[in-house]
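Trainee: I would like the atomic coordinates for the input below:
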Amino acid sequence: MTEKSLPPSAKTHSTLDLAVSQELNRAVQSIVYNKFLIDRAVAYHGASMLARDLHDGAYGPHVPMSFVSCVLPFYRACERTDHGSPAYQFASVPTANTLGCSWRWRRKSLDEKEAEKCREHLSDFVAMVSGKVDDATYAWVKPLGLFVPGEGKNRVDFFREEGVESIPARVYERTYPEPTRITIYRIRVSAFSATWAVLDGRWVENIPNPSWTLPLMKAYGVKGPVPWPSDFPEPKQVQLAFFMPKGITSPLGNPEFGDEAVVDLETVVATQNFKDESVRTAVFDLRDVKIDHRVWQISLGITLASLVLLSLVPDEFSEIRIFIGMALGAAMTSGVMPYIVPFVTTKRRRLAQNQYLPRARAPKNNQSA
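Mentor: Okay, here's the model as predicted:
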């Protein structure tokens, strides 16, 4: 690609204006730098036990998008503004706001001469645009001022250690839900405690690292943490939903969020309402009810005895035969009634066999249509 054929954004490449508050900018830079410290501590000192899920363990540091999923609630809602067209711009990206992932090489892998050559090579904006430098493609989560590299993630921490303030990159934008759509809740029930984020008053996602997430969300303008509302389903119902299989009729899963563990409060409520409905059933179908086996044994004995007596008593003894017939009918009825006759009214949740929400009544059914 010649200078004349360079795209307009390649000819004026000042560092992007993030247009976020100073508080939010500091919170983002803190997360970025702390990831750098964790990755370095694990690489140099074997501190993987302290890093927990914030590091990928034996496979090296988390790639940026995987790391984002550990600290940013509803990161799957970061939709591309170009809808995958794609629409890129070439720009200089602030290093302090860019997540790194030095899984292949680090600054200590290079001597001073190699480091200087690498710095000059990777800092050449025109060379990057013209394809003479390996591609650097970064997602810009614009509402947060955070950059998440796809390609070109190894160079980020090298630039950080070298004190280079910006990185030439090919950038595309991603959105993030407005702060008014998210609320953070702190859950404390007996010995159980958790921090959950709720999107649009409906979708619940666990926050595994609140000490990382809460300062960022506060700076972004998100409400919380606040107590769990009384008009929401009980926390134990939500927690149980996290362990259910995903599906349209299950509270777990959002059709738009892939495999992420997100609980749908509307489905939790719909499921509870469905299970609280009254149904007619037989005693045998009730949960925690055991029918004494002697009931059908006695019934069977009386039935067989009645049949034998009917065969032995002559027809002229009609009154006796009628009495025996009544005993036969009563025995048969008492034997089968607890098993097949639905004469008991109870709630669905009290049935021995689990009752599942019908697809037609599932709140997520319309969403996936």
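Trainee: Break down the stretch 51-200 of the chain into its helices, ranges please.
Mentor: Secondary structure of the stretch 51-200 of the chain (DSSP state H, counting those that start in this stretch): helices at 64-71, 112-122, 125-129, 154-162.
Trainee: now the angle from the longest one to helix 154-162?
Mentor: Spelled out, it's helix 112-122. Angle between the axes of helix 112-122 and helix 154-162 is 120 degrees (criterion: axes from the mean of the first three to the mean of the last three CA atoms, to 10 degrees).
Trainee: count of neighbours near the nearest residue to residue 210 once chain neighbours are set aside?
Mentor: Using CB to CB, 6 or more residues apart in numbering and skipping the chain neighbours, the partner closest in space to residue 210 is residue 195 (4.3 Å). (C-beta placed from N, C-alpha, C; glycine too.) Residue 195 is flanked by 19 other residues according to other CB atoms under 10 Å.
Trainee: mind checking which of the helices of the stretch 51-200 of the chain is nearest residue 206?
Mentor: Closest approach to residue 206 among the helices of the stretch 51-200 of the chain is made by helix 64-71 (11.0 Å; CB to CB).
Trainee: Could I get the pLDDT score of residue 172?
Mentor: Here, the pLDDT recorded for residue 172 equals 91.
Trainee: now the one 4 residues further on
Mentor: What the model reports as pLDDT for residue 176 is 96.
Trainee: Could you pull up the residues touching it?
Mentor: With contacts defined as CB atoms under 8 Å, 6 or more residues apart in numbering, residue 176 is in contact with 77-78, 141-144.
Trainee: Give me the neighbour count for residue 70.
Mentor: With other CB under 10 Å as criterion, residue 70 counts 18.
Trainee: so it touches residue 62, yeah?
Mentor: Yes - Residue 70 is in contact with residue 62 according to CB atoms under 8 Å; the separation is 7.1 Å.
Trainee: Break the chain down into its domains, please.
Mentor: Listed by automatic domain parsing, the domain ranges of the chain are 8-174, 179-276, 283-341.
Trainee: For my notes, please list those in TSV and give distance to residue 350 for each entry.
Mentor: Putting the domains of the chain into TSV (distance: least, CB to CB, whole Å) gives the following:
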stretch	distance to residue 350
domain 8-174	36
domain 179-276	9
domain 283-341	5
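Trainee: For residue 202, which of the helices of the stretch 51-200 of the chain is the nearest?
Mentor: That would be helix 64-71 among the helices of the stretch 51-200 of the chain, by CB to CB, at 19.9 Å.
Trainee: buried residues in the closest one?
Mentor: 64-65, 67-71 (16 or more other CB atoms under 10 Å).
Trainee: Would you point out which residue is most central in the chain?
Mentor: residue 261 (2.1 Å; CA atoms, centre = their mean).
Trainee: contacting residues for that one?
Mentor: 205-206, 242, 252.
Trainee: Quick check: which ranges of the stretch 151-300 of the chain have low pLDDT?
Mentor: 284-285, 291-292, 295-296 (pLDDT under 70).
Trainee: so where do the strands sit in it?
Mentor: 166-174, 182-189, 192-199, 203-206, 223-227, 262-264, 278-281 (DSSP state E, counting those that start in this stretch).
Trainee: Can you tell me which of those strands is most buried?
Mentor: strand 262-264 (a mean of 26; mean count of other CB atoms under 10 Å).
Trainee: right, so of the domains of the chain, which gets closest to residue 355?
Mentor: Per CB to CB, nearest to residue 355 of the domains of the chain: domain 179-276, 6.2 Å.
Trainee: what's the straight distance from one end of the closest one to the other?
Mentor: Distance between the boundary residues of domain 179-276 (CA to CA, to the nearest Å) amounts to 35 Å.
Trainee: Please work out how many residues are found near the nearest residue to residue 135 once chain neighbours are set aside.
Mentor: Spatially, and ignoring its direct neighbours in sequence, residue 135 is nearest to residue 151 (4.8 Å; CB to CB, 6+ apart). Residues lying near residue 151 (other CB under 10 Å) number 13.
Trainee: now swap in the one 3 residues further on and tell me
Mentor: Counted with other CB under 10 Å, residues neighbouring residue 154 total 18.
Trainee: Is it correct that it is in contact with residue 104?
Mentor: Yes - contact between residue 154 and residue 104 holds when scored by CB under 8 Å: they sit 5.0 Å apart.
Trainee: quick one: residue 151 and residue 139 touch, right?
Mentor: No - with contact defined as CB under 8 Å, residue 151 does not count as touching residue 139 (10.8 Å).
Trainee: Please give the element, helix or strand, for the residue in the chain sticking out farthest from the centre.
Mentor: Within the chain, the residue lying farthest from the chain centre (CA atoms, centre = their mean) is residue 316, at 78.5 Å. Per DSSP states H and E: residue 316 is located in neither a helix nor a strand.
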